[in-house]
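Peer 1: here are the coordinates; sequence isn't available:
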Ligand SMILES: O=C(O)CCC(=O)C(=O)O
Ligand SMILES: [Fe+2]
């Protein structure tokens, strides 16, 4: 399926206009590679949609520190999609621990509106 078709399906998952997903990132994760704790840059808008291809992996979330730290994790199956919005986008950090085998992700991002 062409990239625009994938973007349409990801937009439908997130409930946004496909045109609003202005940025696309393709990331290749060789076995054992990771992405550390972060929140996506504020220059991007309130919605991030991911498509996970190849190896299954974990997507971890954390917020707060010390005894208030909370963590949550979910498994991303091959060909699954996820949406980061609301607190999952703005308050929680996310990370991906070592992937067991080759994985690719496509992430689609909205852009922050100029006035916000
Ligand atoms: O690979 C993924 O599904 C997420 C990657 C990520 O967190 C990012 O590119 O900001
Ligand atoms: Fe991210």
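Peer 2: Right, received. Where do you want to start? Because the structure is predicted, anything quoted here is derived from the model rather than measured. Ligands and ions are numbered 1, 2, ... in the order given.
Peer 1: any idea of the pLDDT on the residue in the chain that ligand 1 sits nearest to?
Peer 2: Proximity of the chain to ligand 1 (Cβ to the nearest ligand atom) peaks at residue 105, 3.2 Å away. In short, each C-beta sits where N, CA and C put it, glycine included. The per-residue pLDDT reported for residue 105 equals 98.
Peer 1: just use 41 as the starting number from now, easier for me
Peer 2: Shifting the count to begin at 41 puts that one at residue 145.
Peer 1: Excluding sequence neighbours, find me the nearest residue to it.
Peer 2: Once flanking residues are discounted, residue 145 sits nearest to residue 67: 4.9 Å by Cβ to Cβ, 6 or more residues apart in numbering.
Peer 1: and the residue of the chain closest to ligand 1, that one's in a strand?
Peer 2: Yes: looking at residue 145 with DSSP: H, G, I helix; E, B strand; the rest coil, it is inside a strand.
Peer 1: Can you give the contact residues for stretch 48-62?
Peer 2: Residues outside stretch 48-62 that contact it (Cβ atoms under 8 Å, 6 or more residues apart in numbering): 44, 47, 85, 87, 89, 91, 121, 123, 125, 146, 148-151.
Peer 1: ok, then the element right after the lengthiest helix in the chain?
Peer 2: Using DSSP state H to define each element, the chain has its longest helix at helix 43-54. Using DSSP states H and E, the helix or strand that follows helix 43-54 in sequence is strand 63-69.
Peer 1: What mean pLDDT does that following strand get?
Peer 2: 97.
Peer 1: near ligand 1, anything from the very next helix or strand once past it?
Peer 2: Moving toward the C-terminus from strand 63-69, the next helix or strand (DSSP H and E) is strand 75-78. Yes: interface with ligand 1: strand 75-78 contributes residue 75 (Cβ under 6 Å from any ligand atom).
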